[in-house]
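Enquirer: Model the structure of this input:
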Amino acid sequence: MLLVPAFAQDKVTVAISSFSGMIDGRRQYSQNSQNTPEVIRSVQDDIEKSFVKAKRFAVVDRSKMDVWYNEKARQQTSDFDYSDRDLVEQGKNFGADYMITGNVVVTTSEHLGQVGANAAQRSVSRNSVVGTAANLSKSVNLPETIEATLKIIKVETGEIVLSETIKGTRGQLDKKIDDFIDKGFPMSVPIVELTGSDLLLVPGADSGVKKGDVFTIYRLVTVEVQGRVMTRQTELGSATVTVLEGDFCTARVQKGVNEIRQAMEQGNTLSAIKK
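Expert: Numbering: from 1, shown residues only. Have a look, this model is predicted:
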């Protein structure tokens, strides 16, 4: 059994800004709108819940951000709306490492269904001829289609590090939001020990890790380039989670067990990054 020192992963601080949006192409809801529809606010709420659920982030209290925004808007002589520069300023005020912002486009559908009609008849659209009085029709609201363009802005530099569009109904977005977060902020954790072909990693089920998740194993080497300290990653292999146990998980090495063992024997710093 080989051991390496376990180290705690510092939480990244994120702040989720108000989103702009549009419903059925009829009205633009800017980020300073006080009457943003519930469906657009719900996307912000879902993103916030996903960051909190991951337990790898410190999430800035949105109510405090609203106070900042209202004061900023009060100081303007004309309508104030967020720009990326304003988001960076807001992020700095709240000690955020990254700002999450976006635009939400909602498309609703409405069809006419006939009372007592079969499935084919119930697909009659509003523009179709409606049946006789004996075969009355009624309006049926279908699930809204939501298209959300999400951006991650690094506060320190103001650069957009990831921009991606996700689409689906309300119930379909949760998994896509989780995937967006994993893509923008890959989970990187230390390796505690190697026993045979099994690696003991720090994250447990509470961190969102599941059986079958795959981690890529890297050797980390710190180098200094023109006065800038940088970390170089060298891929050694991969491992698949097989057991969840409290704050830890066990992952079976699928590739590179000898390379991983040798690096640990040499006292190298290793890290596992979730794919």
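Enquirer: Okay, strands next: where are they in this structure?
Expert: Taking DSSP state E as the test, the strands found in the chain are 2-3, 12-16, 20-23, 27-29, 57-59, 98-114, 137-154, 160-168, 188-195, 198-201, 214-225, 228-245, 248-255, 269-274.
Enquirer: Give me the mean pLDDT for the second one.
Expert: Averaged across strand 12-16, the pLDDT comes to 93.
Enquirer: mind listing what's buried in it?
Expert: 13-16 (16 or more other CB atoms under 10 Å). In this view, the C-beta of every residue, glycine as well, is placed from N, C-alpha and C.
Enquirer: and which of the residues you listed is nearest to residue 94?
Expert: Residue 94 has its nearest neighbour among those in residue 15, at 5.5 Å by CB to CB.
Enquirer: Distance of the closest one relative to residue 49?
Expert: Taking CB to CB, to the nearest Å as the measure, residue 15 falls 15 Å from residue 49.
Enquirer: Rounded mean pLDDT for stretch 214-231, please.
Expert: 89.
Enquirer: if we look at that stretch, which residues are touching it?
Expert: 189, 191, 199, 201, 232-241, 251, 253-254, 256, 260, 263, 268-275 (CB atoms under 8 Å, 6 or more residues apart in numbering).
Enquirer: tell me, how many neighbours does residue 104 end up with?
Expert: Using other CB atoms under 10 Å, residue 104 has 23 other residues around it.
Enquirer: circling back: and the strands of the chain, which one's lowest on average pLDDT?
Expert: strand 2-3 (a mean of 42).
Enquirer: Tell me if I'm right that residue 204 and residue 250 touch.
Expert: No - using CB atoms under 8 Å, residue 204 makes no contact with residue 250, being 10.4 Å away.
Enquirer: So for those two, which residue has more residues nearby?
Expert: A side-by-side neighbour count of residue 204 and residue 250, using other CB under 10 Å, places residue 250 first with 18 against 15.
Enquirer: That one pairs with what?
Expert: Residue 250 has the following beta-bridge partners by DSSP bridges: residue 200, residue 243.
Enquirer: residues touching it, list them.
Expert: 198-201, 241-243.
Enquirer: Counting neighbours, which of the residues you listed comes out on top?
Expert: Going by other CB under 10 Å, residue 199 tops the contacts of residue 250 with 28 neighbours.
Enquirer: quick one: contacts for it?
Expert: Residue 199 neighbours (CB under 8 Å, 6+ apart): 191-193, 215, 217, 239, 250-253, 260, 272.
Enquirer: Weed out the non-buried ones from those.
Expert: Buried, going by 16+ other CB under 10 Å: 191-193, 215, 217, 239, 250-251, 253, 260, 272, out of those.
Enquirer: Return the member of the residues you listed nearest to residue 43.
Expert: Distances from residue 43 to those, taken by CB to CB, are shortest for residue 215, at 29.7 Å.
Enquirer: May I have the beta-bridge partners of the residue lying closest to the closest one once chain neighbours are set aside?
Expert: Distances taken as CB to CB, 6 or more residues apart in numbering place residue 272 nearest to residue 215, at 4.0 Å, with adjacent residues excluded. Beta-bridge partners for residue 272, by DSSP bridges, are residue 189, residue 217.
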